[in-house]
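1. sharing a model prediction with you, sequence too.
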Amino acid sequence: MGGKPRQGVTTMRIIVSGAAGFIGFHLCRRLLAAGHQVVGVDNLITGSTVNAADLRAIPGFTFIQEDICRPLAIEGPIDRIYDLACPASPIDFHSKAVEIMLTCSIGVKNLLDLAKDRSALMLHASTSECYGDPLEHPQKETYRGNVNPIGPRAPYDEGKRFAEAMVMTYQRLHGVATRMVRIFNTYGPRMRADDGRALPSFINQALRGDPITIHGDGSQTRSFCYVDDMVEAILRAADSDCVEPINVGNDVEITIRQAAETVIELTGSRSPIICTERPVNDPERRRPDLSRARQMLGWSPTTDWRRGFAKTIEYFKSVRRSQPRVSPMGDRPASLTENVP
């Protein structure tokens, strides 16, 4: 990984908020493999204790269990901050709605203040949800979106839109070095088993032999980006000179039904597909225009989605194999499923 560390320093000291989350975990591992010192921050409201423990075992990593909605008392120099802290799964949009909005406002401000104080570069992980249920297809960064500000998805959608405004304000008003990526659907090992998103739900249903439930008739589309490709894009965005938002994801578009059928095929499952009601404001189509990422970052996703699906399925199989068996009486250890990453 490139970059511009402090003068005379060959490695960087980097803060990663949301370090115990899905993408945060993979980003930390890449940074540590490059020889950087990483301070991971996570309040573990949705982050995995397994991820945190595995990162702790890597030299150069320090973990702080803290909420970014409180100012972080981190001493010493900081070269970069990667902000990936925020519950991002659909199942969290209701139960953790207030936490999401506070993270996207007070939490982002606290990180920006830290970046300002230490003259650090901050990369903020935004989201394709800023486009809402888009009327433009594919979505360019210049598209302003079609978001319901009072709908059930609003805490996340509008929270992330507000966070983008905060980041750009600090860049303009205070001269903070900021970068921003709008992340589209990302998948891979270490996804939460109870994520609530299509792919982990399909995989777990298929492995159990349960019916695979799709919303509506499954004709709505998504574009799935493998996590290794996503991390590479994030690192390149931080190294770039682009202060405008950059779409990062995969521009190969498939239907939800196609995703479900492929999971059944790759798992060898006999699970039937059943249709359920569509959630409110569920986007009909979602595919990024990656022109800016290709031009500014020299980046394109390289992992074929079928190959990525297969690798993700193998991960979920390994998690199932490592779980203790439930006794005939139904008793089980308290940690059996709670901390599955």
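-> Perfect, thanks for sending it.

2. which residues of this structure fall in helices?
-> 22-33, 49-56, 92-95, 97-102, 108-118, 154-174, 198-208, 227-239, 256-267, 291-297, 305-322, 335-338 (DSSP state H).

3. could you pull out the buried residues of the fifth one?
-> In terms of neighbour count (16 or more other CB atoms under 10 Å), helix 108-118 has its buried residues at 108, 109, 110, 111, 112, 114, 115, 116, 118. In this view, the C-beta of every residue, glycine as well, is placed from N, C-alpha and C.

4. tell me the buried residues in stretch 202-216?
-> Applying a neighbour-count criterion of 16+ other CB under 10 Å, the buried positions in stretch 202-216 are 202, 203, 204, 205, 206, 207, 212, 214.

5. so where's this structure uncertain?
-> Applying pLDDT under 70 to the chain flags the ranges 1-9, 324-341.

6. how about 90 then?
-> Low-confidence regions of the chain, defined by pLDDT under 90, span residues 1-10, 89-91, 192-197, 278-286, 320-341.

7. what is the burial count for residue 232?
-> By other CB atoms under 10 Å, 19 other residues sit near residue 232.

8. quick one: contacts for it?
-> For residue 232, the contacting residues are residue 299, taking CB atoms under 8 Å, 6 or more residues apart in numbering as the criterion.

9. again with the one 10 residues further on
-> Contacts of residue 242 were listed using CB under 8 Å, 6+ apart, and they are 179, 292, 296, 297.

10. contacts only, for the third one.
-> Which is residue 296. 240, 242, 246.

11. and the gap between the last one and residue 162?
-> Right, the one you point to is residue 246. Relative to residue 162, residue 246 is positioned 19 Å away (criterion: CB to CB, to the nearest Å).

12. which one of those two has more residues nearby?
-> For residue 246 and residue 162, the more surrounded residue by other CB under 10 Å is residue 246, and the numbers stand at 26 against 14.

13. surely the more buried one and residue 295 touch.
-> No - counting by CB atoms under 8 Å, no contact exists between residue 246 and residue 295, whose distance comes to 9.7 Å.

14. re the thing from before, now, which of the buried residues of stretch 202-216 sits nearest residue 14?
-> Proximity of those to residue 14 (CB to CB) peaks at residue 203, which lies at 31.7 Å.

15. who touches residue 17 in this structure?
-> 24, 41, 42, 68, 81, 82, 83, 84, 85, 107, 111.

16. many thanks, have a good one.
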